[in-house]
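In: Build me a structure from this.
(one chain, ligands or ions: 1)
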Amino acid sequence: MFKKILIANRGEIALRVIRTCKEMGINTVAVYSKADAESLHVRFADEAVCIGPAPSNESYLKIPNIIAAAEITNADAIHPGYGFLSENANFSKICAEHDIKFIGASSDMIDRMGDKATAKATMKEAGVPCVPGSEGILTDYDECLKTAKKIGFPVMLKATAGGGGKGMRAVWSEDKLEAAWESARQEAKAGFGNDGMYMEKLIEEPRHIEIQIVGDQTGKACHLSERDCSVQRRHQKLTEETPSPFMTNKLREKMGKAAVKAAEYIGYEGAGTVEFLVDKHRNFYFMEMNTRIQVEHPITEMVVDHDLIREQILVAAGVPISGKDYYPKLHSIECRINAEDPYNDFRPSPGKITTLHTPGGHGVRLDTHVYSGYIIPPNYDSMIAKLITTAQTREEAINKMKRALDEFVVEGIKTTIPFHRQLMDHPDYLAGNYTTKFMEDFVMDDKYKDEE
Ligand code: MV4
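Out: Purely as a prediction, here's the structure:
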């Protein structure tokens, strides 16, 4: 087992990893930028190394500085968290070259799943349902047009180096195709240095339902059921829940089996997530595979009573998984609390938290790194806390979320608390009747505004 793990991340996920390491008797090294000198992960770790100035590309993304921190503290493993270098194949490779265990996927696996057309072709070979579309990358516009005619409009053009909605174009008719083809390729070339595009039949009003998997070093994988992440704004998840209100036991079995088949086919090691698009007829299609722990992992932990960070560390240390799958025994909802103003187009609201009162009580979990007096730096993403409520039923979990949000006092900055509170009153949300289109018509109501 590892003696010392360096956490190459910040904020709530750094704290989250430190907590499990402490419970496992593993020493921890925090790395921090000058802007995070007063951050809690620095205080809670056994050791801390400053790796550079505030900008991410001079600190949390600076591979030589992180490797140097691991060398001087003699860390035998690195946990990358999510974001930053967590899906950087070069970082995974460099860790291996320095004989430091990267608690995540191999560089080969990150490359294969990071290239979306390759990931899809691999899943198709594995027998995982995929959206009908092109056979890999489209070589030129002629092939693009021919493919669109073959699968029929509407179609979705996707950048193979994209993901998470970047470099994607929905095209509803032939007259719009060429302009979309040209602009998507330019965007992909500029954004990712790779203008490879592929095409799929457009799935209308899909749900985003993902399956948590864990694979061990023997090539065995298991699943830990689903998370419904359909409530998104501009491809940013706002809230997630498990079980999905759209799920049936039959569909869960089919999606779980497909996700395990995918993981075992590629010999996946570690915690991963297989994302699916689900249409209104409950057909599901492979969308993407994420080779990292995800922000929303706590709701799975709460309903299957399993520590996923612990799973990651055990698997990385060569411990085989039990092999059984995990099914929800409770209902759990996560609300991402961001330092953003929902009454002003969710624009960032960095600054000092002058007053903080956090919610608690039975079935309430708050994963956060902020404290009263904490200054939220403008350099990093805006999430300041994840509020998770868990109960026997969806209705109880929602009621608990309402109560917890009403208790949650954050002064000095704007947050998305009013948005979540309104969401918990929204009839379609309450009915579990929402797709990835839900946020398109959402309008904030002043009655949820924090009184100044
Ligand atoms: C799609 C789709 C409809 N049809 N593919 C968005 C980000 C990336 N994960 C893939 N995405 C989509 N792919 C086909 N063939 C609709 C989306 C999509 C979406 C998917 C999941 C969650 C939110 C979304 C928001 C807009 C579009």
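In: from here on, contacts and neighbour counts on C-alpha atoms
Out: OK.
In: Count the residues that sit near whatever residue of the stretch 1-150 of the chain ends up closest to the ligand.
Out: Closest approach between the stretch 1-150 of the chain and the ligand, counting by C-alpha to the nearest ligand atom: residue 131, at 6.0 Å. Neighbourhood size, residue 131 [other C-alpha atoms under 10 Å]: 19.
In: again, but for residue 322
Out: Residues lying near residue 322 (other C-alpha under 10 Å) number 10.
In: Let me see the backbone angles for it.
Out: With angles defined as degrees, to the nearest 10, residue 322 shows backbone torsions of phi -70, psi -30.
In: So it versus the ligand, what's the distance?
Out: Here the criterion is C-alpha to the nearest ligand atom, to the nearest Å. By it, residue 322 lies 30 Å from the ligand.
In: Residue 200 is in contact with the residue of the stretch 1-150 of the chain closest to the ligand, correct?
Out: Yes - judged on C-alpha atoms under 8 Å, residue 131 makes contact with residue 200 at a distance of 6.1 Å.
In: ok so, going back, which residues does the residue of the stretch 1-150 of the chain closest to the ligand contact?
Out: Residue 131 makes contact with 200, 201, 285, 286, according to C-alpha atoms under 8 Å, 6 or more residues apart in numbering.
In: Next: residue 104.
Out: 79, 80, 86, 92, 269, 270, 271, 291, 292, 312, 316.
In: ok but it is inside a strand, no?
Out: No - if the criterion is DSSP: H, G, I helix; E, B strand; the rest coil, then residue 104 is coil and not within a strand.
In: mind listing the strands for the stretch 251-400 of the chain?
Out: Secondary structure of the stretch 251-400 of the chain (DSSP state E, counting those that start in this stretch): strands located at 270-278, 284-290, 331-338, 340-341, 347-348, 351-352, 355-357, 364-368, 375-376, 383-391.
In: With mean neighbour count, mean pLDDT and distance to the ligand added, can I get those strands in TSV?
Out: Formatted as TSV, the strands of the stretch 251-400 of the chain follow (neighbours: other C-alpha atoms under 10 Å; pLDDT from 0 to 100; distance: least, C-alpha to the nearest ligand atom, whole Å):
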stretch	mean neighbour count	mean pLDDT	distance to the ligand
strand 270-278	25	98	7
strand 284-290	22	97	6
strand 331-338	26	98	16
strand 340-341	20	98	20
strand 347-348	17	96	19
strand 351-352	16	96	30
strand 355-357	14	98	32
strand 364-368	19	98	24
strand 375-376	20	96	28
strand 383-391	23	98	19
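In: Number of residues surrounding residue 207?
Out: Residue 207 - counted by other C-alpha under 10 Å - has 25 other residues nearby.
In: how close does it get to residue 330?
Out: Distance, residue 207 to residue 330, by C-alpha to C-alpha, to the nearest Å: 21 Å.
In: ok so, going back, which pair of the contacts of residue 131 spans the longest distance?
Out: 201 and 286 (12.7 Å; C-alpha to C-alpha).
In: just to revisit the earlier point, can you tell me how far the residue of the stretch 1-150 of the chain closest to the ligand is from residue 366?
Out: 37 Å.
In: quick one: the residue most central in space within the chain and residue 227, what's the gap?
Out: The geometric centre of the chain, computed from its C-alpha atoms, lies nearest to residue 294 (C-alpha atoms, centre = their mean), at 3.7 Å. Separation of residue 294 from residue 227 (C-alpha to C-alpha): 11 Å.
In: which stretches of the stretch 351-452 of the chain have low pLDDT?
Out: 452 (pLDDT under 70).
In: Could you pull up the residues touching the single nearest residue of it relative to the ligand?
Out: Closest to the ligand within the stretch 351-452 of the chain is residue 436: 4.8 Å, counting by C-alpha to the nearest ligand atom. Residues in contact with residue 436 (C-alpha under 8 Å, 6+ apart) are 205, 206, 207, 208, 230, 231, 232.
In: Cheers, nothing more for now.
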